[in-house]
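Q: output the structure for:
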Amino acid sequence: VVQSNMGWDTNTAVGTGSWYGVYTIGILHITPTLDVIGRADWFRDVKGTRTGIDTNFAEATLGLNWHPNRFLEIRPEVRGD
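A: Numbers count the residues shown, from 1 in each chain. A predicted model of the protein is given here:
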């Protein structure tokens with residue numbers, strides 16, 4: 001899955017602000033009850049109108065999804081921002 005977002009707002013303290021980013025996730029089914037999941041996203045807050053800081057934000061996550069039955073999922077993960 002790859003998803004993008006973009007937006008702007010003309011009603012900010014610094015004039016027109018804009019923001020954009022991209023998000024991706026991949027799932028690899030190892031067994032019927034175990035998946036490996038990778039996720040990453042990047043977000044640009046131009047003029048800091050969304051977060052208060054004019055910068056780029058990024059994160060990456062690697063994890064497992066173990067579902068021993070259809071009522072229970074255990075999802076340990078490691079994330080870096």
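Q: which neighbouring elements make contact with the helix or strand that contains R39?
A: Using DSSP states H and E, R39 sits in strand 34-46. Packing partners of strand 34-46 (3 or more C-beta pairs under 8 Å, 6 or more residues apart in numbering; DSSP states H and E): strand 15-31, strand 55-69. For every residue, glycine as well, the C-beta is placed using N, CA and C.
Q: ok, that strand: who's next to it in the sheet?
A: strand 15-31 (antiparallel), strand 55-69 (antiparallel) (DSSP bridges).
Q: tell me the helix or strand right after the last one.
A: Downstream of strand 55-69, the next assigned helix or strand under DSSP H and E is strand 72-74.
Q: isn't V2 up against Y23?
A: Yes. V2 lies in contact with Y23 (C-beta atoms under 8 Å); the separation is 7.4 Å.
Q: higher neighbour count, the two?
A: It is Y23, of V2 and Y23, that has more neighbours when counted by other C-beta atoms under 10 Å, with 15 against 8.
Q: is the more buried one in a bridge, and if so with what?
A: On DSSP bridges, the residues paired with Y23 through beta bridges are Q3, D41.
Q: next up, the contacts around it.
A: The contact partners of Y23, by C-beta atoms under 8 Å, 6 or more residues apart in numbering, come to 1-5, 39-41.
Q: show me what the residue lying closest to L34 once chain neighbours are set aside is bridged to.
A: Distance criterion C-beta to C-beta, 6 or more residues apart in numbering; nearest residue to L34, sequence neighbours excluded, is W66 at 5.4 Å. W66 forms beta bridges with L34, I74, as assigned by DSSP bridges.
Q: per-residue pLDDT, W66?
A: Predicted confidence (pLDDT) for W66: 97.
Q: could you do G17 as well?
A: 87.
Q: quick check: closest non-adjacent residue to it.
A: T49 (2.9 Å).
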